[in-house]
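Student: Structure for the following, please:
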Amino acid sequence: MRRINLGRGLETTIQGFGAMSFSGTYGAAEDAQSLRTLHHVIDSGVTFLDTANVYGNGHNETLLAQVLKTRRREVVLATKAGIVRPKNPNEPRANGDPAFIKRCLDESLQRLGVEEIDLYYYHRVDARVPIEETVGAYADLVQAGKIRHIGLSEVTSGELRRAAAVHPITAVQMEYSIFSRDIESHLLPAARELGVGLVPYASLGRGFFTGQADSLEQLEPEDLRRHFPRFAPEHVAANIALRRQIDAVAAAEGISTAQASLAWVYEKARAFGLAVSPIPGTRYAEHVDDNLAAASIELSAQSVKELDALAGQVSGERQQDIYSVSKGREELQLAGESAPELR
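Tutor: The predicted structure follows:
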């Protein structure tokens, strides 16, 4: 697996692995199988593992700790802080308080069984706390030797610039796929200008591009995708029709739909001049192998053109509350308005 400089000297592989699905996000998962998949990921040459403190309320980090006990030196480890799970749905769903971030980091270090995090993300921006204050706390953690690099997740271009004025930012983690391209207009140019790498997530459409979620009936009751508009009955049929166009492109290229979806991400990153390491996640080793093959695939110009046309036809927003993600805040900031409190 080819290695890259993601940003600020953080060397990792051109594809990483997102471990979120091991902790109930998309339904129940068996720890023993998850651990086998994690070992297979590392055996396959992938060094970049992504988790977060809120995945499974800490379960995901504890699970990874079982692998890190013997393989820490083989891994570039990323985790996150900033999201909270309030009991009252009207309470804020982000917390950027510096003391909270530092406490979360210490808890993550303990769960993961490590002394240092390679890449520590601010998971969601808290509109109540200036991003400069939150990133200042992250900078303190770098100074203390507890983290090596700072990342941001779901930020606007303006927030990225403000954060980078406090401390160099290594990477931004953003949803980016054939269906979700809103970051191209402002965030990606800012990242290129600042030398910040891109870590795309949900590049397989949260499993939609692989045919795993063509209807709510396919999803377990606790599956998070039940709350995403694009999977809702009023949207899914139109989106399946678009997905079939991805299938057709993949068939013409002689590759799988998942490979076409990831290969498109690599093509776009090259066009934007960005270092990129997508983090597709799966519970199964055979899917890991399929995804990794995409890193060496180059799509034809015609295939890229056909895939580029799909985003504008997608039915439904990518997340339920547009103001909890970067797109809504970006639009408001460009209009000279203040972003609403994250809820």
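Student: what mean pLDDT does stretch 294-309 have?
Tutor: On average, the pLDDT along stretch 294-309 is 98.
Student: Now that stretch: buried residues?
Tutor: Residues A294, A295, I297, L299, S303, V304, E306, L307 are the ones in stretch 294-309 that count as buried (16 or more other CB atoms under 10 Å). C-betas here are computed from N, CA, C, even on glycine.
Student: I'd guessed the fourth one sits against V265; true?
Tutor: Meaning L299. No. If you go by CB atoms under 8 Å, L299 and V265 don't touch, sitting 10.4 Å apart.
Student: mind exporting stretch 65-78 as CSV, just the C-alpha atoms?
Tutor: Extracted in CSV, the C-alpha atoms of stretch 65-78 (Å, rounded to 0.1, in the frame of the first residue of the first chain):
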residue,chain,number,x,y,z
ALA,A,65,-7.0,-1.3,22.1
GLN,A,66,-7.0,-5.1,21.8
VAL,A,67,-5.2,-4.8,18.5
LEU,A,68,-3.0,-1.9,19.5
LYS,A,69,-1.5,-3.9,22.4
THR,A,70,0.7,-5.8,19.9
ARG,A,71,0.6,-3.6,16.8
ARG,A,72,0.7,0.0,17.9
ARG,A,73,4.0,0.7,16.0
GLU,A,74,2.3,-0.4,12.8
VAL,A,75,-0.6,2.1,13.1
VAL,A,76,-1.2,5.7,12.5
LEU,A,77,-4.0,6.2,15.0
ALA,A,78,-6.8,8.8,14.7
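Student: contact partners of that stretch?
Tutor: With CB atoms under 8 Å, 6 or more residues apart in numbering as the test, stretch 65-78 has contacts from 10-13, 16, 35, 38-39, 42, 47-51, 64, 111-114, 117-121, 151, 199.
Student: Narrow these to those in strands?
Tutor: Taking DSSP state E, the ones among the contacts of stretch 65-78 that sit in strands are 10-13, 48-50, 117-121, 151, 199.
Student: What subset of the residues you listed is buried?
Tutor: With neighbours counted using 16+ other CB under 10 Å, the ones in strands among the contacts of stretch 65-78 contain these buried positions: 10, 12-13, 48-50, 117-121, 151, 199.
Student: what's near enough to touch the closest residue to Q15 other than its chain neighbours?
Tutor: Leaving aside its sequence neighbours, Q15 sits nearest to A295 (CB to CB, 6 or more residues apart in numbering; 5.0 Å). Applying CB under 8 Å, 6+ apart, we find A295 in contact with M1, R2, I14, Q15, L262, Y266.
Student: ok, of these, which one's closest to E234?
Tutor: L262 (28.4 Å; CB to CB).
Student: Provide a list of residues in contact with the residue nearest to A250 when sequence neighbours are not counted.
Tutor: Nearest residue to A250, sequence neighbours excluded (CB to CB, 6+ apart): A260, at 3.8 Å. Neighbouring residues of A260 by CB under 8 Å, 6+ apart: I246, V249, A250, E253, A294, I297, L299, S303, L307.
Student: I'd guessed the fourth one sits against Q302; true?
Tutor: Translated: E253. No. Contact criterion CB under 8 Å: E253 and Q302 do not qualify, at 9.9 Å.
Student: just to revisit the earlier point, going by neighbour count, list what's buried in the helix or strand harbouring the residue nearest to A250.
Tutor: In the assignment (DSSP states H and E), A260 maps to helix 257-272. For helix 257-272, the neighbour count (16+ other CB under 10 Å) marks 257-269 as buried.
Student: ok, so of those residues, who is nearest V142?
Tutor: A269 (26.1 Å).
Student: And for that closest one, nearest residue in space, chain neighbours not counted?
Tutor: Counting by CB to CB, 6+ apart, V276 is the residue found nearest to A269 once chain neighbours are left out, at 3.6 Å.
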